[in-house]
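Asks: Give the three-dimensional model of this entry:
(chains A, B and C)
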Amino acid sequence: MTSKIDPTAFIHPLADVEDGATIGKNSQVWRWSHIMPDAIVGDNVMIGEGCHIASGVVIGDNCRVQNGCQLFEGVTLENSVFLAPNVIFTNVKFPRSHRKGKFEKTILRSNCSIGANSVILCGIEIGTWAMIGMGSVVTRSVAPGVTAFGCPAVAKKNKNHHLEKLNI
Amino acid sequence: MTSKIDPTAFIHPLADVEDGATIGKNSQVWRWSHIMPDAIVGDNVMIGEGCHIASGVVIGDNCRVQNGCQLFEGVTLENSVFLAPNVIFTNVKFPRSHRKGKFEKTILRSNCSIGANSVILCGIEIGTWAMIGMGSVVTRSVAPGVTAFGCPAVAKKNKNHHLEKLNI
Amino acid sequence: MTSKIDPTAFIHPLADVEDGATIGKNSQVWRWSHIMPDAIVGDNVMIGEGCHIASGVVIGDNCRVQNGCQLFEGVTLENSVFLAPNVIFTNVKFPRSHRKGKFEKTILRSNCSIGANSVILCGIEIGTWAMIGMGSVVTRSVAPGVTAFGCPAVAKKNKNHHLEKLNI
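Replies: Have a look, this model is predicted:
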């Protein structure tokens, strides 16, 4: 099989990147992270320690996925998404041990950021430049540029609040 | 010592199943999971990546324990329990660094499901077919068939709500 | 380079303690934990499985850091701090993928305890003997001896409540 791991990518010896995974230019995969076949990781992406990137996941260029994040089939990150440590995704709404539920798709638009230890319900969209506070339980889609947090996460600040702070 | 790992079980080479752990028929233990001595895992159980199953834990048949779950001494799962990723148990109510607290028992009855990134206080019982929403902080027992979620988790739907949905 | 790992310390063969990390007397580092250069771990400390201790972190004597905790640059634990499983720290308030934010310092005073699956905002202080309930999202400093919990964590009990319970 032709390797899909770019020669400029760094794979830590303690990581497990399976055959058939795609890893782009200058991307990094750190200790105890597992990238499954048919996962696609773009260029200049950092995947921290202890992450799980399932088959069918797509991660755009310039994303940063911190330690302990878990992305399951149906999750797509556009470019420049930031996931703080231990962001957990789901792909079935009402799971039971004895059946395989219907997988629902989740998309994170470019430049959004998700706070540490947040969990994201499947089937939603998080808008570009949105910022989700740490420890959030995100059960509904979040509009572009909005800051949302809490359990469940609700929008708390006007659009573009953080864009202004960024001075970019 | 007689091995207690059934020959039909699959133990990933990067997992650490210690001598004295019991693993039933057709069960699986994936990467970077640690099963301690005197833990008991039943038949047809899936233990995902990065899980910790402590001594004295009992996991019934047909359970699914997703990535990153941590089960400590005193935790029992009956049959067909579903733990979504990063479900964390506790076994001491008021821990301090300098003392070993009293361990309290926690039991999850058959067919209940616990949502991703939830944490379960020790000393409680979660009823059969109960469903705990993701990101919940479960501080009290949950009755059979009830859906509960939030921080702290409270019952939100009538008994059997999800049983009906399941059409079983 | 002179080793800074005390000969009485126990490092599990599956842990990764990098050159330049300091590990004190009788301390333990368990499976799949990573201690980075210039992290300082005191005496009689227990670091569980799957922990990440970044450069610049300081952990005092007699601390217990349970499985899955993640401590980043700028975090200091004084002596006898207890971190339950999956306590996550942060060091940037408004992270984005494309920039390196300003790191802020977080200090946990001696003998405080943090509940399982809690997340701690950077730039705050948790007072001596404080107790943070499980699943908390800690966004503000917590005074000494106070019990606080919730999302966001708020003080719920009078000072010294738990000191009394401890009978010490």
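
Asks: Report the separation between A:G68 and B:I23.
Replies: The gap separating A:G68 from B:I23 is 25 Å, by CB to CB, to the nearest Å. C-beta coordinates here come from the backbone N, C-alpha and C atoms, glycine included.

Asks: Name the residue in these two with the higher neighbour count.
Replies: Taking neighbours as other CB atoms under 10 Å in any protein chain shown, A:G68 and B:I23 compare with A:G68 leading, 30 against 27.

Asks: ok, that one touching A:N86?
Replies: Yes: counting by CB atoms under 8 Å, A:G68 touches A:N86, with 4.1 Å between them.

Asks: Mutual contacts of the two, please.
Replies: C:70, C:88 (CB atoms under 8 Å, 6 or more residues apart in numbering or on different chains).

Asks: pLDDT wise, what is A:H161 at?
Replies: We have a pLDDT of 53 for A:H161.

Asks: Listing request: residues of chain A with sub-threshold pLDDT.
Replies: Low-confidence segments of chain A (pLDDT under 70): A:1-3, A:157-168.

Asks: Flag every residue of it that's near chain B.
Replies: Contact residues, chain A versus chain B (CB under 8 Å from any CB of the partner chain): A:16, A:32, A:34, A:50, A:52, A:68, A:70, A:86, A:88-90, A:94-99, A:117, A:119, A:121, A:136-137, A:151.

Asks: ok so A:K102 is a strand residue?
Replies: No: looking at A:K102 with DSSP: H, G, I helix; E, B strand; the rest coil, it is coil, so not inside a strand.

Asks: Tell me which residues touch the closest residue to chain C within chain A, please.
Replies: With CB to the nearest CB as the measure, A:G135 is the residue of chain A nearest to chain C, at 3.4 Å. Under the criterion of CB under 8 Å, 6+ apart, the neighbours of A:G135 are A:115-118, A:149, A:151, C:119, C:136-137, C:151.

Asks: and chain A, which residues reach chain C?
Replies: Of all the residues in chain A, those lying near chain C are A:14, A:31-32, A:49-50, A:62-64, A:67-68, A:80-82, A:84-86, A:111, A:113, A:115-117, A:131, A:133-135, A:150-151, A:162, A:165-166, going by CB under 8 Å from any CB.

Asks: mind listing which of the residues you listed are in strands?
Replies: In this view, those that belong to strands under DSSP state E are A:64, A:82, A:113, A:131, A:150.

Asks: Which residues does the third one form beta bridges with?
Replies: Per DSSP bridges, residues listed as beta-bridge partners of A:S113: A:F82, A:M131.

Asks: repeat for A:E125
Replies: As for beta bridges, A:E125 partners with A:I107 under DSSP bridges.

Asks: Just give the number of residues close to it.
Replies: A:E125: 17 surrounding residues under other CB under 10 Å.

Asks: cool, and the one 5 residues further on?
Replies: The number of residues packed around A:A130, counting by other CB under 10 Å, is 25.

Asks: What is the burial count for the residue in chain A that chain B sits nearest to?
Replies: Proximity of chain A to chain B (CB to the nearest CB) peaks at A:V137, 3.4 Å away. By the criterion of other CB under 10 Å, A:V137 has 26 neighbours.

Asks: Spatially, and excluding backbone neighbours, which residue is closest to it.
Replies: Among residues not flanking A:V137 along the chain, B:G135 sits closest, at 3.4 Å (CB to CB, 6 or more residues apart in numbering or on different chains).
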